[in-house]
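In: Provided below for reference: sequence and predicted model.
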Amino acid sequence: MYCRALQHLRIVRAPSDKPRLNAGVPVLLIRNLYISRLHNGTRSQITYLDPNVMKATVMTDIGRRESILIPRLPIIPKDLSSQFRRQQIPLKISFARLRARH
């Protein structure tokens with residue numbers, strides 16, 4: 001009973017348990033793309049979101065402050081008996097901040 005009551009409470013300025021992509025959010029690329037400088041672990045910050053493409057600014061050393069476009073990639077599983085296709089952007093939200101090197 002108490003758990004249900006706590007789940008419905010919303011505290012102002014508390015982070016949501018379901019993070020959402022929107023402009024200004026730092027993200028981490030989790031798949032290599034065919035473009036040089038875009039590989040696993042590339043940190044960037046979202047500047048624009050569209051249903052099929054995302055525009056971001058690179059925050060890592062190589063290509064810093066460069067604008068990039070990341071498209072939705074088609075994913076078609078081969079190991080299932082039924083065929084289906086879905087598209088997703090290959091990144092996840094990055095909560096860690098970059099530290100300055102001295």
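Out: The structure has been received and is ready for your questions. None of the values given here were measured: they were computed from a predicted structure. Numbering: from 1, shown residues only.
In: neighbours of residue 42, just the number please.
Out: When counting by other Cβ atoms under 10 Å, one arrives at 22 neighbours for residue 42. The C-beta positions use only the backbone N, C-alpha and C, and glycine is treated the same way.
In: That one and residue 27 touch, don't they?
Out: No - between residue 42 and residue 27 there is no contact under Cβ atoms under 8 Å: 9.2 Å.
In: can you give me the strands for this protein?
Out: For the chain, the strands defined by DSSP state E cover 26-29, 43-49, 53-58, 67-71, 73-75, 86-88, 91-93.
In: what's the closest of these to residue 20?
Out: Counting by Cβ to Cβ, residue 20 lies closest to strand 91-93 out of those; the figure is 8.5 Å.
In: Quick check: nearest residue in space to residue 51, chain neighbours excluded?
Out: Leaving aside its chain neighbours, residue 51 sits nearest to residue 72 (8.0 Å; criterion: Cβ to Cβ, 6 or more residues apart in numbering).
In: Low-confidence bits of this structure, can you list those?
Out: 1-19, 33-37, 96-102 (pLDDT under 70).
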